[in-house]
Every structure is written in C-alpha cells, then in structure tokens.
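Asker: need a structure here:
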Amino acid sequence: MDIINAVLTAFFNLIFMPFKHLDPVWPMLAISFVTGILMLFVFKATSDQKGIKRAKNLVKGHFLAIRLYKDDISLMFDTMKNILLSNLLYMKQSLRPMLFLLIPMGIVLIQIGARYEHRPLRIGESTVLSLKLNDDVQLDQVRLDLPEGLSLEIPPVRVDAKKEISWRIKANVSGVFTLAFKYHGQVVDKQLAVIDELVPLSAEIAGNNLGVTVMNPNEHSLTEASFVSLVSVVYPAREFEFLGMETHWLVAFFVFSMVAAFSFKGVLGVEV
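Answerer: As a prediction, this is how the structure comes out:
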C-alpha cells in the first residue's frame, strides 16, 4: 500500500504544483472541473446510453400522463406505480457506471482530502504530538529528538494505562521537519509541516491499520517491528471559503464537479 500511496501522491503533487501558492479555491475549481469532465467520459464508456435514454423517456412520459389523466384516480395510481418502476429501471442502468467510478473517485477524494482537510502549522503556532506504544515498551525510555526550528513547550505527558505519550511543541520557523522518536536503538520518523503552501499532510501514521494508511497517503506506514503502533499530530482544520461563504471542501468539490459535468453533458453527448 505504501508504494501505491507514494505513486499516487507524486502524481497529484505534479497536478497541484502550479497551485501551491494560490488561494485554495482555484485548485479546487480546476480539479473539480477536470474531474467532472472525466466522470462524463467514464460514465459514457461504461453505461448503456440507449437504455438510460429509454428509461428517462419513460419517466417523462408517465409524468405527462399524470397531467393528462389527473381526473381519473385509477389511472393516476397506475401511473405513479409506473413512475416508480421507471425510476428503478433508470437507477439500474446507472449502477454499472457508478461502480466503475467508485475507485477512481475514492482516490481523488483521498488525495484532495490530504491537502484540504487540514492545513500546515504557521510560525508561532503549537500542536500536540502523540504516540501510541506497543504493550512491551517502557514509556520513560522513549525520547523525542526535535530538529532546530521546533521547541518543546511542556515536558511529555505519559499515560501508562493507555501506553501513550504526548508532547506539545511550537513552530518557530517555517519548513517541513522530520521528528525522530527513539527507543533502545529503534527510530520512528514523522513529518511536521510548517509552511504556507497547499501540500499533502498525514495527520496519522500507523502499522497494521489499512484505514489509517489509505487516508494518510503522504507518509509510509509503520513496520510490524516498530515499538510504535500509531503516531498522530494535530493539524488545524483548513478553512475553505467561496464567494464569501465558508463550506467544507467536500461539499465544494461535489458542487463544482457536478456543475461541470451537467454543463458539458450535452456538448459531449452523454445521457446521465
């Protein structure tokens, strides 16, 4: 999984490279537009376009019948039943292309989320860094080495019952830092970004946890032999605004991509 994550992250880094220093709205608009158009091509290639058109025409015909026979109760109920059946047929025709879109859309959302769910720290901000240790590890033997530019604000807090250690650290200069956790000759690294750019972030890294590895594609997962089972850092949530309105990046992505898709479906001759 680490190899797949590395390849995909490198590919999306190239896509986002021209937008690194721009307002996050602009790369979101560009990526959503391209995604919407690509969705149309995939939908057209994997769907029965004639079948979808027939199903849509059936739905339209039954709605027209409601207007024509609105005074006949028995026909009205039959027409409503036919509308339901026609909609089920339309959904059946759309199911196959949706399945084909599921994996690529998941990849796109994970990569966008790595850049938009959180933002890097700014100079002067603090964060909490936490380790979840394996059962046989002695908490007082674990040491954190901070690179120059980061400082420890308070001594580490150890919770023996949960096998956890937390540090509060402050960013004094900008950069992408590598933190080193050491225990009896073993070293575990974790990146910390203090930079005013749109870059992918991994809030967590773990071992034997596919969900954490998939959702945090920017760093390698922990090895099975590691003394740590989870490393987490608290990044601030990224604020996303469009036309003066604050919204979640996921909502913005789906709105922008759907607008692009429906705007060009006629031009590309796609029945959706």
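Asker: where does residue 174 fall, phi/psi-wise?
Answerer: Dihedral angles of residue 174 (phi, psi; degrees, to the nearest 10) stand at phi -90, psi 160.
Asker: quick one, what contacts it?
Answerer: By CB atoms under 8 Å, 6 or more residues apart in numbering, the residues touching residue 174 are 123, 194, 195, 196. Glycine gets a C-beta too; all of them are placed from N, C-alpha and C.
Asker: just checking, the third one touches residue 175?
Answerer: Think residue 195. Yes: using CB atoms under 8 Å, residue 195 makes contact with residue 175 at a distance of 6.7 Å.
Asker: buried ones in stretch 177-188?
Answerer: 177, 179, 181, 183, 188 (16 or more other CB atoms under 10 Å).
Asker: strands along the protein, start to end?
Answerer: Along the chain, counting by DSSP state E, strands occupy 126-133, 143-145, 150-159, 164-171, 175-183, 186-194, 204-206, 228-233, 240-242, 245-247.
Asker: will you turn the ones you listed into CSV that also has mean pLDDT and distance to residue 94?
Answerer: As requested, the strands of the chain are exported to CSV (pLDDT from 0 to 100; distance: least, CB to CB, whole Å):
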stretch, mean pLDDT, distance to residue 94
strand 126-133, 93, 43
strand 143-145, 91, 52
strand 150-159, 91, 50
strand 164-171, 94, 47
strand 175-183, 93, 43
strand 186-194, 92, 40
strand 204-206, 91, 35
strand 228-233, 91, 39
strand 240-242, 80, 29
strand 245-247, 82, 27
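Asker: now render those as CSV, adding distance to residue 104.
Answerer: CSV is the format used below for these (distance: least, CB to CB, whole Å):
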stretch, distance to residue 104
strand 126-133, 33
strand 143-145, 39
strand 150-159, 38
strand 164-171, 36
strand 175-183, 29
strand 186-194, 27
strand 204-206, 24
strand 228-233, 29
strand 240-242, 23
strand 245-247, 24
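Asker: which one, of those, ends up nearest to residue 84?
Answerer: strand 245-247 (33.8 Å; CB to CB).
Asker: which helices and strands sit right next to that closest one?
Answerer: Applying 3 or more CB pairs under 8 Å, 6 or more residues apart in numbering; DSSP states H and E, we find strand 245-247 packed against strand 240-242.
Asker: partner strands of the strand it packs on and their direction?
Answerer: strand 245-247 (antiparallel) (DSSP bridges).
Asker: ok now the strand it pairs with, how far from the chain's centre?
Answerer: Centre-to-centre, strand 245-247 and its host chain are 18 Å apart (CA atoms, centre = their mean, to the nearest Å).
Asker: tell me which of the strands of the chain lies nearest to residue 1.
Answerer: Of all these, strand 204-206 sits nearest to residue 1, with 11.4 Å by CB to CB.
Asker: list the helices and strands the closest one packs on?
Answerer: helix 210-215, strand 228-233.
Asker: neighbouring contacts of that strand?
Answerer: Applying CB under 8 Å, 6+ apart, the set of residues contacting strand 204-206 is 190, 212-213, 215-216, 219-222, 229-233.
Asker: these two touch, right, residue 97 and residue 47?
Answerer: Yes: Residue 97 is within contact range of residue 47, at 4.2 Å (criterion: CB under 8 Å).
Asker: can you list the buried residues of stretch 177-188 in TSV and add distance to residue 103?
Answerer: Output for the buried residues of stretch 177-188, formatted as TSV (distance: CB to CB, whole Å):
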residue	distance to residue 103
177	34
179	33
181	34
183	38
188	31
